[in-house]
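Visitor: Need coordinates for the following:
(one chain, ligands or ions: 2)
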Amino acid sequence: MKQTNLTILGSTGSIGTQALEIVRANPGQFRVIALTGNSNWKLLAEQVNEFRPEIAVLTDETNAELFRTAVRDSDITLMFGNAELAAVAGTARHDMVLNALVGFSGFIPTLSALEAGHKVALANKESLVVGGELLSGYVNKRHDRIIPVDSEHSAILQCLVGEPCKEVEKLTITASGGPFRTWSLEQMNKITVKDALNHPNWDMGAKITIDSATMMNKGLEIIEAHWFFDIPPEKIDAVVHPQSIIHSMVTFTDGSTKAQMGVPDMKLPIHYALTYPGRQYLDTPRLDWSKAQQLTFEPVDYERFPCLKLAVDALAEGGLAPAILNASNEIAVARFLNGEISYIDIARVVRHCLENRDSSEEVTIDNLIHTDKETRVKAKAFRA
Ligand code: NAD
Ligand code: MG
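Guide: Ligands and ions are numbered 1, 2, ... in the order given. Have a look, this model is predicted:
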């Protein structure tokens, strides 16, 4: 088996550390070329000392000297800052870049890796949400340039393998419903940060955990699915499936529906992306069909989860609307986590930014960067 030269952007995060567990468990299959982290210099240094990549990038330079001292091997090139990270995504000697960055910070590195001809295993859904129009040129029928890591999109890809694309009638993206699935609107007024960080099925980074609690995550995933699979928005539905066993479904024009199932464990979709189009052994828990269990489904509720509706509307509007949705949501989530605004204010901040915007401009890299910056200022200034 040919060794994969792998770079992991955001190796210190939830997806990044799970990817390194896969690398550790499969000696000889991957060679780590570059690792990156933002502020957690201690963990990045530990990873660098263990996996001995050619390059390591710490984007937050505050602790650059401590990081330098903690890295034992002087042959490893150490770099600092976001521009260096994007440059490494394009220029390092990798076959594949796993983009496990969070938020808009992932977009330029995704573009940079793709432009340079590298394969990208994409966990950073925000790349496609904000810049889907610019990245869609890299999506092909074989799905071997940008490979989904998000569990729902990995499920859809696994359902599509071997099928004629033109016979797809509908994609159904499943959602766990998050911690507030059964809460009333009145109860939702009193949600605390601790409540929102307590996801029933998945253990993830803070931003996506809050996005799951507001169901903005499902909205971002609908936008992501539109660009990944070149399917019009009206053919993409979301359904609540609290057990998180079915990770998504594809219905074909003959009425047949395929579903991909597995225990809720991100290692499975990460591994599938790293080994695609193959499929290899992975040491994860199996579903036990000999035990009684139920798979249930409920419709999504736009009234209690307005962020989901805002995302669906932003996709329908197109242009820069999804970039505004994303930037305002990133700030709203950070403000909620800081205790500055309440849970229900998150949707208010996003709505405010979408409703109070300048003229619609075309999607270019410069316009995306400018819109992202401007929206962040507006979202920070919004008083709930
Ligand atoms: P995380 O917060 O745990 O990790 C994010 C990583 O990005 C860290 O390594 C951090 O150092 C780095 N980072 C953060 N801000 C940065 C910046 N401004 N510049 C450069 N680097 C920065 O996030 P995560 O939960 O691993 O999620 C990563 C991506 O994967 C997100 O887009 C998320 O939506 C997606 N995703 C995550 C999961 C999951 O289970 N965690 C599941 C599906 C999709
Ligand atoms: Mg997902």
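
Visitor: who does the helix or strand hosting residue 153 touch, helix- and strand-wise?
Guide: Using DSSP states H and E, residue 153 maps to helix 151-160. Packing partners of helix 151-160 (3 or more Cβ pairs under 8 Å, 6 or more residues apart in numbering; DSSP states H and E): strand 146-148, strand 168-175, helix 216-229, strand 246-252, strand 257-261, helix 267-275. (C-beta placed from N, C-alpha, C; glycine too.)

Visitor: and residue 237, which of the ones you listed is closest to it?
Guide: Closest of the helices and strands packed on helix 151-160 to residue 237 is strand 168-175, at 5.1 Å (criterion: Cβ to Cβ).

Visitor: Quick check: residues of the stretch 51-200 of the chain near ligand 1?
Guide: 59, 82, 85, 100, 101, 102, 105, 123, 124, 125, 126, 150 (Cβ under 6 Å from any ligand atom).

Visitor: Reformat these into CSV and put secondary structure and distance to residue 268 next to each item.
Guide: Output for those, formatted as CSV (DSSP: H, G, I helix; E, B strand; the rest coil; distance: Cβ to Cβ, whole Å):
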residue, secondary structure, distance to residue 268
59, coil, 28
82, helix, 30
85, helix, 27
100, coil, 15
101, coil, 21
102, coil, 20
105, helix, 25
123, coil, 13
124, coil, 18
125, helix, 17
126, helix, 22
150, coil, 12
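
Visitor: So which of those residues reach ligand 2?
Guide: residue 150 (Cβ under 5 Å from the ion).

Visitor: rewinding a little: could the helices and strands packed on helix 151-160 go into CSV alongside distance to residue 282?
Guide: Shown next, in CSV, are the helices and strands packed on helix 151-160 (distance: least, Cβ to Cβ, whole Å):
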stretch, distance to residue 282
strand 146-148, 16
strand 168-175, 21
helix 216-229, 22
strand 246-252, 15
strand 257-261, 14
helix 267-275, 5
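
Visitor: Make CSV out of these and add mean pLDDT and distance to ligand 2.
Guide: Output for the helices and strands packed on helix 151-160, formatted as CSV (pLDDT from 0 to 100; distance: least, Cβ to the ion, whole Å):
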stretch, mean pLDDT, distance to ligand 2
strand 146-148, 98, 9
strand 168-175, 98, 8
helix 216-229, 98, 5
strand 246-252, 98, 8
strand 257-261, 98, 13
helix 267-275, 98, 8
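
Visitor: And the residues of the stretch 51-200 of the chain next to ligand 1, which of them are buried?
Guide: 59, 82, 85, 100, 101, 102, 105, 123, 124, 125, 126, 150 (16 or more other Cβ atoms under 10 Å).

Visitor: With respect to residue 21, which of the residues of the stretch 51-200 of the chain next to ligand 1 is nearest?
Guide: Nearest member of those to residue 21, counting by Cβ to Cβ, is residue 100, at 12.6 Å.

Visitor: Tell me the pLDDT of the residue in the stretch 201-350 of the chain that ligand 1 sits nearest to.
Guide: Going by Cβ to the nearest ligand atom, ligand 1 is nearest to residue 205 of the stretch 201-350 of the chain, at 2.5 Å. pLDDT, residue 205: 95.

Visitor: And residue 15, by the same measure?
Guide: At residue 15, pLDDT is 98.

Visitor: Count the neighbours of it for me.
Guide: Number of residues near residue 15 (other Cβ atoms under 10 Å) recorded here: 28.

Visitor: was I right about residue 342 contacting residue 189?
Guide: Yes - using Cβ atoms under 8 Å, residue 342 is in contact with residue 189, at 7.4 Å.

Visitor: okay, those two: which has more neighbours?
Guide: residue 342 (17 against 11).

Visitor: which residues sit in contact with that one?
Guide: Shown in contact with residue 342 (Cβ atoms under 8 Å, 6 or more residues apart in numbering): 189, 191, 336, 384.

Visitor: Export the helices and strands packed on helix 151-160 as TSV, with columns for mean neighbour count.
Guide: Converted to TSV, these look like this (neighbours: other Cβ atoms under 10 Å):
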stretch	mean neighbour count
strand 146-148	25
strand 168-175	21
helix 216-229	26
strand 246-252	21
strand 257-261	17
helix 267-275	23
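
Visitor: Next, the single nearest residue of the chain relative to ligand 1: phi, psi?
Guide: The chain approaches ligand 1 most closely through residue 13 (1.9 Å), counting by Cβ to the nearest ligand atom. Phi and psi for residue 13, reported as degrees, to the nearest 10, are phi -90, psi -170.
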